[in-house]
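Student: Predicted structure and sequence below. I'll ask about it afterward.
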Amino acid sequence: MSVTPQTTSNYIKNFSFPTLRDKQSYVLKDIDAAFTSGYKYIVLEAPTGFGKSPVAITTALTLGSSYICTSTKDLQTQYARDVPFIRVAKGKLSIIS
């Protein structure tokens with residue numbers, strides 16, 4: 001996937017959750033800087049309650065297409081519930097080749 005340079009304001013504009021926390025804003029700026037400087041992949045490790053899901057959704061919306069990997073099916077279900085346009089693939093049998 002080719003990444004088109006974005007601006008931090010595009011990330012902030014695409015934040016579709018009620019509140020943007022200071023640390024989320026900081027991380028979105030870092031993600032923007034990483035993609036702008038040529039990185040192709042981003043891994044965000046942050047504590048429970050940080051708001052990683054809104055950051056992931058915002059990044060996906062800003063880039064136009066993304067994959068969000070989760071370690072549990074429950075988190076996939078949460079994404080599908082909270083964000084109606086998310087498509088979920090649970091398990092290797094649901095992946096289209």
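Tutor: Now that the structure is in, tell me what you want to look at.

Student: quick one, what contacts Ser16?
Tutor: Going by Cβ atoms under 8 Å, 6 or more residues apart in numbering, Ser16 touches Pro54, Ile57, Thr58, Leu61, Val83. Backbone N, C-alpha and C define where each C-beta goes, glycine included.

Student: wait, what's in contact with the spatially most central residue of the chain?
Tutor: Centroid check for the chain by Cα atoms, centre = their mean gives Ala56 as the closest residue, at 1.4 Å. Ala56 is in contact with Leu44, Ser66, Ile68, counting by Cβ under 8 Å, 6+ apart.

Student: Highest neighbour count among these?
Tutor: Neighbour counts for the contacts of Ala56 peak at Ile68, which has 16 neighbours (criterion: other Cβ atoms under 10 Å).

Student: Could you find the closest non-adjacent residue to that one?
Tutor: Among residues not flanking Ile68 along the chain, Ala56 sits closest, at 4.8 Å (Cβ to Cβ, 6 or more residues apart in numbering).

Student: Dihedrals phi and psi, Gly38?
Tutor: Here is the backbone geometry of Gly38 (degrees, to the nearest 10): phi 110, psi 0.

Student: which one among the contacts of Ser16 gets closest to Tyr11?
Tutor: Using Cβ to Cβ, Thr58 is the member of the contacts of Ser16 that lies nearest Tyr11, at 5.7 Å.

Student: For whatever helix or strand that closest one lives in, C-alpha coordinates in CSV please.
Tutor: Element membership for Thr58 (DSSP states H and E) is helix 52-63. What follows is helix 52-63, C-alpha atoms only, in CSV (Å, rounded to 0.1, in the frame of the first residue of the first chain):
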residue,chain,number,x,y,z
LYS,A,52,-5.8,2.9,21.1
SER,A,53,-9.0,2.0,19.2
PRO,A,54,-9.8,5.6,18.4
VAL,A,55,-6.2,6.2,17.3
ALA,A,56,-6.4,3.2,15.0
ILE,A,57,-9.7,4.2,13.5
THR,A,58,-8.5,7.7,13.0
THR,A,59,-5.3,6.5,11.2
ALA,A,60,-7.4,4.1,9.0
LEU,A,61,-9.7,6.9,8.1
THR,A,62,-6.9,9.3,7.3
LEU,A,63,-5.0,6.8,5.2
